[in-house]
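> Sequence plus predicted model, see below.
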Amino acid sequence: MSACDKLCRTKQGLGPDTTATAAAAAAAAAGGGTNSSNVMTTMGMRFMCAAAAASKDASSPSSSHVSEQSKQVHAKRKPFDKVLIANRGEIACRVIRTCKRLGIQTVAIYSEADSHALHVRQADEAICIGPAPSLQSYLSIPKIIAAIKATGAQAVHPGYGFLSENKLFSKAVEEEAGAVFIGPTEYSIDAMGDKITSKKLALAAGVHTVPGYQGIVKDGEEAARIAGEIGYPVMIKASAGGGGKGMRVAYNDQEAKEGFRLSTEEARKSFGDDRIFVEKFIENPHHIEIQLVADTHGGVACFPERECSIQRRNQKVLEESPSMLLTPKTRQAMQEQAAMLARAVQYRSAGTVEFLVDEKQNFYFLEMNTRLQVEHPVTEYVTGEDLVEHMLWVAAGEALPPRLTSNPVPFKGWAMEARVYAEDPLRGFLPSTGQLITYREPTHLMGSVVEGEEGSGVPAVRVDTGVYEGAEISMFYDPMISKLVAFGTTRKEALKKLNEALDSYVIQGLSHNLCFLKELARHPRFEKGATSTKFIPEEFPEGFKGVKLMEQEKDHAVASAVLMYLMKADTLSTVEGQLASNGRGDLHGGERLFVHLGGGRGGGEGGKEEEVFEVMLDSAASTQAGTVIRVTPVEGGKEGEARSVAVTDIDWELGEPLFRAHMDGALRTLQCLRAHTLGYDLFFGGAYLALRVYTPQEQSFLGYMLPLLEVDKSEFLQCPMPGQLISLAVEEGDEVEAGQELAVVEAMKMQNILRAPMKTRIAKVRAVVGASLKLDQVILDFAVQKGRMEEGKERKQKQ
């Protein structure tokens, strides 16, 4: 039985008649007949991991935020009785959270791939709307309209992405389903959702804009011609785009043509609209946006800015509020222009006006997002306002309170958000799919509060997520795992909390970008606030190669590995008296251990060779309050200068993923990724580390061990991530040059070009266009020259 055969479920009284109606409506929308056996009403038995679901209820730290406050007095008890969320993942869970607080019943929609998703578990009702591909489910307007009618939802919140900025959807919600669209009107979406039209309207409203071509570009040749007229570099953008999709920067004609092709494909598949335009790309700007909420009574509330300059491939990575760049005068001017634009298009609901700002405070309108932004939590933190609640009341026809519309919304403190993705930074940020084997949020920080006038009891950390331990990250949708948000009375405090949260956030089972986020959060330039949209390209010109730890951090990692090793040995030696330590696990009496520190996953120390340390307990310096460990680097058989690590307050239990201790006065948090007989694989400071602990005798035996041989994969082109093969640019027998395009693979709505690693010939094509590919699946065979193969074998033999 498919997920869509199990069509509808309820927690609170969806009766048989309504259930049958839901089944009939959704089946009709999908083109099938009605069958009452397709309906299943459950009380949770269809769902596994009840404990995981319970951990995400309205009382959990991550779902009940003091930063989302109800400060408004309303004539009605609640804006609506039932709301359908036309989205999935974390944003659906976020909307559900506010609805629950207001006493509003919620309806989730889901695809077959999302039948066990968190938003489905949290909603009061859920209805399946089709197969996994977005075009057949979350982008299917007829199926969603059928779900609205079947469930009797009074209003629809679109979240972000998918159909949130689709004028046809907003129109269908109100005219076909007879429900309220919790967002702007069809006119506003059309005016601002289309980036070409929005620029013309912005100019007419007196808003500063970026120079560019205001028409639709027909093909790659025209894109190159227009780009040449504007002057390189240019930005090639989808008119209906957003979220970094359908966007490419071009510095020459070839890149313009290629960018047009890729942007067109991404835009068509992500937004159902492949119109492209070209504008001047402003070098080294800040990307700063103004959040606003407008009502139907002429009121516009302008919130403090969000700094969104830390981006990779035009997709935001870290956001914060306020910005280090803006002066109060510039902030006010940007807010005024944002309000002017909102009034010009008769805007209602939450929206965001994005600007590019240079170092001289000149700012230019970029676009207006007619929806709730991904990064809205930072605004909620610094203002204490619940933006989702304001959207609900505005949609219900109520006016915004004067405290928000009479003057720009005041703010306190500082907030930062890190987007946590299922992607592998050490493999070019390729998307990752699979099961979350271990998933532990930094609850100790989520439960703590920020004190003082600026904090007012707000939680130090907030996690907005749509996953749980055991959940699957699918290849069909955006790879976001969560949004990790930290708050402090100052920027320094907020950044400190963010770093602590990144250290304590345990995600195992698939690749993720915590290592990259940690490298950004600890970067000296970011600490100073010296950011721009060029930050990542400038600081990582050759790509991200892994975090490089400082000397003291390495000492702390070595000391931690030894302490974990000793605690394990001590436990084993005392289990019913059956095991003895045999001299292992004892640093007393001058005994030594040797620790080998290397980069785990090939990226912990930037590919550097293993480092060796001799470790001893400094009994003379140790006290009852703490232990002092002497760490001595050993290189080429020669010992370097010994260094001491003072350790107190060790918090770790065998088998637990987090090891915490104060080292040299600072709290250190390490993650145990994997335990080995002779050591551990750890995640510390963003670095993946392989640490092995040896006795002196074992250390002496290592000299007789043969090195591992590397596997030669130069004969194949392998798929670097699970995805769909969109195109092949070569055939069997073709001669190709190094860097030449061979294939395009689409994963999680992003298209990735695979290029030839060398000059070679295509010997065999093993995959067909349209096929779903697995990780490392062979796409092409190369005709590697015999001489090269023999050279490779000789090189291995010499090793």
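Perfect, I can see it now. Numbers count the residues shown, from 1 in each chain.
> Scan the chain for its longest strand.
Identified as the longest strand of the chain according to DSSP state E is strand 300-312.
> Against which helices or strands is it packed?
Other elements packing on strand 300-312 under the criterion 3 or more Cβ pairs under 8 Å, 6 or more residues apart in numbering; DSSP states H and E are strand 286-294, strand 315-321, helix 328-344, helix 376-383, helix 402-405, helix 535-539. (C-beta placed from N, C-alpha, C; glycine too.)
> got the contact list for whichever strand or helix holds residue 518?
Here residue 518 sits within helix 514-521, counting by DSSP states H and E. Residues outside helix 514-521 that contact it (Cβ atoms under 8 Å, 6 or more residues apart in numbering): 310, 317-318, 418-420, 425-426, 429, 484, 495, 498-499, 502-503, 505, 507, 526, 536, 544, 546-547, 603, 683, 685-688.
> and that helix with strand 300-312, angle?
110 degrees (axes from the mean of the first three to the mean of the last three Cα atoms, to 10 degrees).
> Output helix 514-521 as CSV - backbone C-alpha positions only.
What follows is helix 514-521, C-alpha atoms only, in CSV (Å, rounded to 0.1, in the frame of the first residue of the first chain):
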residue,chain,number,x,y,z
LEU,A,514,28.6,21.9,10.4
CYS,A,515,32.4,21.9,9.8
PHE,A,516,32.0,24.8,7.3
LEU,A,517,29.7,26.7,9.5
LYS,A,518,32.1,26.4,12.4
GLU,A,519,35.0,27.6,10.2
LEU,A,520,32.9,30.7,9.3
ALA,A,521,31.8,31.4,12.9
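> report the angle between the axes of that helix and strand 315-321?
50 degrees.
> Could you point out the helix or strand that follows helix 514-521?
Downstream of helix 514-521, the first helix or strand assigned by DSSP H and E is helix 524-528.
> Mind giving me the packing neighbours of that following helix?
Packing partners of helix 524-528 (3+ Cβ pairs under 8 Å, 6+ apart): helix 535-539.
> in the helix it packs on, what counts as buried?
535-536 (16 or more other Cβ atoms under 10 Å).
> just to revisit the earlier point, drop anything exposed from the contacts of helix 514-521.
310, 317-318, 418-420, 425-426, 429, 484, 495, 498-499, 502-503, 505, 507, 526, 536, 544, 546-547, 603, 683, 685-688.
> Beta-bridge partners for the nearest residue to residue 692 once chain neighbours are set aside, please?
Excluding its sequence neighbours, the residue lying closest to residue 692 (Cβ to Cβ, 6 or more residues apart in numbering) is residue 679, at 3.8 Å. Residue 679 has these beta-bridge partners by DSSP bridges: residue 676, residue 692.
> secondary structure element for residue 784?
For residue 784, there is no host helix or strand (DSSP H and E).
> Below-threshold pLDDT in the stretch 151-300 of the chain: ranges please.
241-244 (pLDDT under 70).
> Can you show me the strands along it?
Secondary structure of the stretch 151-300 of the chain (DSSP state E, counting those that start in this stretch): strands located at 155-157, 180-181, 212-217, 234-242, 245-250, 276-280, 286-294, 300-312.
> Of those strands, flag the one that's most buried.
With neighbours defined as mean count of other Cβ atoms under 10 Å, the strands of the stretch 151-300 of the chain peak in mean count at strand 155-157, which reaches a mean of 29.
> And the pLDDT at the residue nearest to residue 425 when sequence neighbours are not counted?
Using Cβ to Cβ, 6+ apart and skipping the chain neighbours, the partner closest in space to residue 425 is residue 516 (4.0 Å). Here, the pLDDT recorded for residue 516 equals 98.
> Isn't residue 746 up against residue 723?
Yes. Proximity of residue 746 to residue 723 meets the contact threshold set by Cβ atoms under 8 Å, at 5.5 Å.
> between the two, what contacts are shared?
Any residue near both residue 746 and residue 723 by Cβ under 8 Å, 6+ apart counts here, and that gives residue 752.
> These two: which has the busier surroundings?
Each of residue 746 and residue 723 had its neighbours counted (other Cβ atoms under 10 Å), and the higher figure belongs to residue 723 (25 against 19).
> beta partners of that one?
With DSSP bridges as the criterion, residue 723 is bridged to residue 773.
> mind listing what it touches?
By Cβ under 8 Å, 6+ apart, the contact set of residue 723 is 431, 475, 745-748, 752, 772-773.
> among those, which are in strands?
Within the contacts of residue 723, residues falling in strands by DSSP E are 431, 745-747, 752, 772-773.
> and the closest residue to residue 140 other than its chain neighbours, what element?
Counting by Cβ to Cβ, 6+ apart, residue 130 is the residue found nearest to residue 140 once chain neighbours are left out, at 5.9 Å. Following DSSP H and E, there is no helix or strand that holds residue 130.
> Was I right to think residue 130 contacts residue 136?
Yes. At 4.5 Å, residue 130 counts as touching residue 136 under the criterion of Cβ under 8 Å.
> So for the two, which residues contact both of them?
Taking Cβ under 8 Å, 6+ apart as the contact rule, residue 130 and residue 136 both touch residue 111.
> okay, those two: which has more neighbours?
Shown here are residue 130 and residue 136; by other Cβ under 10 Å, residue 130 has more neighbours (23 against 15).
> what's the distance between the more buried one and residue 137?
In this view, residue 130 and residue 137 are 4 Å apart by Cβ to Cβ, to the nearest Å.
> what touches both of the two?
Listed as contacting both residue 130 and residue 137 by Cβ under 8 Å, 6+ apart are 111-112, 143.
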